[in-house]
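[1] structure for the following, please:
(one chain, ligands or ions: 4)
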Amino acid sequence: MAWTNEDVARQFAEIAALLTLRGEDAFRVRAYERAAAAVGAAPRDLAGLSADEMTAIKGIGASTAKRIVEYLTTGRIAMLEDLRAQVPAGVLELTRIPGLGPKTALLLHDQLGISTVEELRAALDAGSLRGLKGLGAKTEDNLRQSLGRMGAKDTDRVPVADAVALADELCDRLARLPQVRRVTWAGSLRRMRETIGDLDLLAAADDPAPVMAALRDADLVDRILVAGEKKTSVVLRRGIQADLRVVEPDAWGAALVYFTGSKAHNIRIRERAVRKGLTLNEYGLWEVQDPDAAAEAAPVRVAGSTEADVYAALGLQPVPAPLREDAGEVEAAAEGRLPAVVTLADLRGDLHGHSDWSGDGKASLEDMVAAAAARGLEYWAVTDHAEDLTINGLTRDDMRARRRAIAELQDRYAIRILDGAELNIGVGGGVDYDLDFLLDFDFCVASVHTLFNRPREEQTARILAAMEHPAVNVIGHPTGRKIGRRPGYDIDVDAVVAAAVRTGTAVEVNASPQRLDLSGDHVRRAVDAGALLTISSDAHSVGDLASLRYGVATAQRGWATPGGVLNCLPLDGLLEVVNAKRGPGHRRVT
Ligand code: DGT
Ligand code: CA
Ligand code: CA
Ligand code: ZN
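    Numbers count the residues shown, from 1 in each chain. Ligands and ions are numbered 1, 2, ... in the order given. Presented below is the predicted three-dimensional model:
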């Protein structure tokens, strides 16, 4: 990640917060707060400046400058490290939530024993903050909103990509056993939630014992929690729990439905079963037995061996796992109007990616192009950072040189390389370079990389202004959140989505597992409004291209169809959209 002024500012804000938490002198605290504000608002990139040049900036004194230099050269500030060691872990984490200052954090810690974001979430849900002295209903409201924008926390839940890697590894091993007919993962992982509480593995086998034993004996396992006949639970070395159920092949589909969940979805379809005079459980969909029937009469299984059978017997279209959240999908499936959601195979290109032309890209342009081509993509946009991202951004000359490199590669590769840029949305909504220069690109992403803590109206207006630009084709990671680490900036997503429709600008589903931005819920709002999406990897390395699957799953969770996704269009269709945005009188991209 780039070291930006914003990043430096965060270090000072943290110092100020930690000093407050330690009850330090208000004057000293204020000095660091002022330094944080000055750094955040500095018109130039600090990395290029000497300590002397820094002190010329209003609000930065000699000792602040010294610490900035320390940070930029070593990546750490010793004083900050010392402070971190002295304050109860977790309390500071709370202060990362906008609207929650050090005083409130201490209050929550001392009065309610809250020291993690998750605990705060639970306390809010339980209403325990109400009546707390010094904490009004307005603050409570703000906290709730900030937590909502932050996404699920990572303390005891793991990011979906980590869980996929573990679950794949375990399933591969189990699949090799001769007894195993089928094996897969279920639960929140199969629904592709952003974070995963535990892994739910499901296998079909006639004899469960050797399958259970194989999991217990796996070297990935740290300890065994349950060693039953139907279920084994273990804690993996990585700290995450894995549950394995083994069922007979005739129950496979019913078990898969049951253990995929969500619980709310299961309840909804079980109600449907009951209305049809059936019962649904993990072993199948059954006819309800007549109480007068002979005790030895065998129960009748209506469906069970495949998921499709179970849904069909319930009078439902088969529901893709990411949609199973009781968000209207059962009603839609009953009426035959489930969306044909976008799949990985529908993506024809990737419209956000980096090469080592920008400082944070890890692979060469050619390696990235070759990897995108090897994935079967028809086009790939290289959107290296533009110049306003001072550390990693490319100057005009860099961009021209890169353009020559692209042309040379294009002679040798069939995949279309789109000459692109990731522009920085300035505080007033302006972007890098100038109109003429921007129109020389084929495709531009515009993203917010600085000044996250602006008020909602300002932040929204800034993005709306950028959307008006004829060369801005998509807003990258529109809310700026990092899952479990920082909330997105406060924006009016519905206003952004409406402006996307009006201006012909797309909104991105950034597929990086730490972003997934837009989230599934936001995608749903974009889809309902008719906004065009992109699903892009934002790859900084060859391996990152594989993240597209998480973007697709997130789009599925928001009910997106290929028709609503810009990079499901073939190249000429994509270029038509780009040229329509440019309007007449501007260079056309061909
Ligand atoms: P997670 O693990 O918190 O990320 O979320 P899930 O959805 O994987 O939940 P988990 O592991 O507790 O349970 C796996 C599935 O089992 C869940 O999605 C639905 C199903 N299930 C069916 N009935 C119940 C129930 O009564 N309680 C729970 N906990 N799960 C149930
Ligand atoms: Ca689970
Ligand atoms: Ca579980
Ligand atoms: Zn990017």
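[2] ok, the nearest residue to Thr505 once chain neighbours are set aside - contacts?
    Sequence neighbours aside, Met467 is the residue nearest to Thr505 in space, at 4.4 Å (criterion: C-beta to C-beta, 6 or more residues apart in numbering). (C-beta placed from N, C-alpha, C; glycine too.) By C-beta atoms under 8 Å, 6 or more residues apart in numbering, Met467 lies in contact with Ala446, Ile475, Val496, Ala499, Ala500, Thr503, Thr505.
[3] most neighbours among those, please name it.
    Ala446 (28 neighbours; other C-beta atoms under 10 Å).
[4] let me know the secondary structure of that residue.
    The three-state label for Ala446, taken from DSSP: H, G, I helix; E, B strand; the rest coil, comes out as strand.
[5] now render the contacts of Met467 as JSON lines, adding pLDDT and distance to Asp384.
    Supplementary listing: the contacts of Met467 in JSON lines, determined by pLDDT from 0 to 100; distance: C-beta to C-beta, whole Å:
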{"residue": "Ala446", "pLDDT": "98", "distance to Asp384": "14"}
{"residue": "Ile475", "pLDDT": "98", "distance to Asp384": "17"}
{"residue": "Val496", "pLDDT": "98", "distance to Asp384": "24"}
{"residue": "Ala499", "pLDDT": "98", "distance to Asp384": "26"}
{"residue": "Ala500", "pLDDT": "98", "distance to Asp384": "24"}
{"residue": "Thr503", "pLDDT": "97", "distance to Asp384": "24"}
{"residue": "Thr505", "pLDDT": "98", "distance to Asp384": "20"}
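[6] okay if I get those as a markdown table plus secondary structure?
    Compiled in a markdown table, the contacts of Met467 are given as follows (three-state DSSP):
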| residue | secondary structure |
| --- | --- |
| Ala446 | strand |
| Ile475 | strand |
| Val496 | helix |
| Ala499 | helix |
| Ala500 | helix |
| Thr503 | helix |
| Thr505 | coil |
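[7] relative to Gly393, how far out is the residue nearest to Thr505?
    For Met467, the distance to Gly393 equals 21 Å [C-beta to C-beta, to the nearest Å].
[8] need the pLDDT of Ala137.
    The predicted local distance difference test score for Ala137 is 83.
[9] same question for Tyr489.
    On the pLDDT scale, Tyr489 is placed at 89.
[10] that one in helix, strand or coil?
    Local secondary structure at Tyr489 is given as coil here, using three-state DSSP.
[11] hang on, it packs against His449?
    No. The criterion here is C-beta atoms under 8 Å, and Tyr489 misses it with His449 at 10.8 Å.
[12] look up how far Val246 lies from the residue nearest to Thr505.
    Met467 sits 52 Å away from Val246 when distances are taken as C-beta to C-beta.
[13] over to Val431?
    Computed as C-beta to C-beta, the Val431 to Val246 distance reads 56 Å.
[14] who has more neighbours out of those two?
    For Val431 and Val246, the more surrounded residue by other C-beta under 10 Å is Val246, and the numbers stand at 26 against 22.
[15] so is the strand or helix carrying the more buried one next to ligand 2?
    Taking DSSP states H and E as the criterion, the element that holds Val246 is strand 241-247. No. For a cut-off given as C-beta under 5 Å from the ion, strand 241-247 has no contacts with ligand 2; the smallest distance is 7.0 Å.
[16] around ligand 3, which positions in the stretch 451-590 of the chain sit nearby?
    Proximity of the stretch 451-590 of the chain to ligand 3 (C-beta under 5 Å from the ion) involves no residue at all.
[17] looking at the stretch 451-590 of the chain, which residue is nearest ligand 3?
    Closest to ligand 3 within the stretch 451-590 of the chain is Ala553: 19.1 Å, counting by C-beta to the ion.
[18] for ligand 1, see how far away the closest residue in space to that residue that isn't next to it in sequence is.
    Taking C-beta to C-beta, 6+ apart, and ignoring the residues beside it in sequence, Ala553 has Met192 as its nearest neighbour in space, at 3.5 Å. For Met192, the distance to ligand 1 (C-beta to the nearest ligand atom, to the nearest Å) stands at 11 Å.
[19] got a list of what Met192 touches?
    Applying C-beta under 8 Å, 6+ apart, the residues near Met192 are Val160, Ala321, Pro322, Tyr550, Ala553, Thr554, Gln556, Arg557.
[20] what pLDDT is listed against the second one?
    Read it as Ala321. According to the model, Ala321 carries a pLDDT of 98.
[21] name the SS class of the residue of the stretch 151-300 of the chain found nearest ligand 4, please.
    Residue nearest to ligand 4 within the stretch 151-300 of the chain (C-beta to the ion): Ala161, separated by 17.3 Å. Here Ala161 is helix, with the state taken from three-state DSSP.
[22] just give me the neighbour total for it.
    The number of residues packed near Ala161 is 16, by other C-beta under 10 Å.
[23] partner strands of the longest strand seen in the chain and their direction?
    Among the elements of the chain assigned as strand by DSSP state E, the one spanning the most residues is strand 416-424. Applying DSSP bridges, strand 416-424 is found paired with strand 379-385 (parallel), strand 443-447 (parallel).
[24] distance check, Thr55 against ligand 2.
    From Thr55 over to ligand 2 the distance is 54 Å, taken as C-beta to the ion, to the nearest Å.
[25] ok, that residue - contacts?
    Applying C-beta under 8 Å, 6+ apart, one finds that Thr55 lies in contact with Gly61, Ala62, Ala65.
[26] filter those to the buried ones?
    Neighbour counting with 16 or more other C-beta atoms under 10 Å marks Ala65 as buried within those.
[27] now Ala363, what's its secondary structure?
    Per three-state DSSP, Ala363 ends up coil.
[28] okay, now it: neighbour count?
    Around Ala363 sit 21 other residues, with neighbours defined as other C-beta under 10 Å.
[29] how about the helices in the stretch 151-300 of the chain?
    In the stretch 151-300 of the chain, helices defined by DSSP state H, counting those that start in this stretch lie at 160-175, 187-190, 209-217, 252-260, 263-275, listed in chain order.
[30] the longest one near ligand 2 anywhere?
    Pointing back at helix 160-175 there. No. Applying C-beta under 5 Å from the ion, one finds that helix 160-175 is not in contact with ligand 2, the shortest distance being 8.9 Å.
[31] now that helix: buried residues?
    Within helix 160-175, the residues that qualify as buried are Val160, Ala161, Ala163, Val164, Leu166, Ala167, Leu170, Cys171, Arg173, Leu174, counting by 16+ other C-beta under 10 Å.
[32] closest one to Ile483 among the strands paired with strand 416-424?
    Between Ile483 and the strands paired with strand 416-424, the tightest spacing by C-beta to C-beta is seen for strand 443-447, at 16.9 Å.
[33] CA atoms only for the helix or strand following the closest one, dumped as CSV, please.
    Heading C-terminal from strand 443-447, the first helix or strand you meet, by DSSP H and E, is helix 456-467. Output for helix 456-467, consisting of C-alpha atoms alone and laid out as CSV, is shown next (Å, rounded to 0.1, in the frame of the first residue of the first chain):
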residue,chain,number,x,y,z
ARG,A,456,-21.2,13.0,4.1
GLU,A,457,-22.5,15.7,1.8
GLU,A,458,-19.0,16.8,0.9
GLN,A,459,-17.8,13.2,0.3
THR,A,460,-20.8,12.4,-1.8
ALA,A,461,-20.6,15.7,-3.8
ARG,A,462,-17.0,15.0,-4.5
ILE,A,463,-17.7,11.6,-6.1
LEU,A,464,-20.7,12.9,-8.0
ALA,A,465,-18.5,15.7,-9.5
ALA,A,466,-15.9,13.2,-10.7
MET,A,467,-18.7,11.1,-12.4
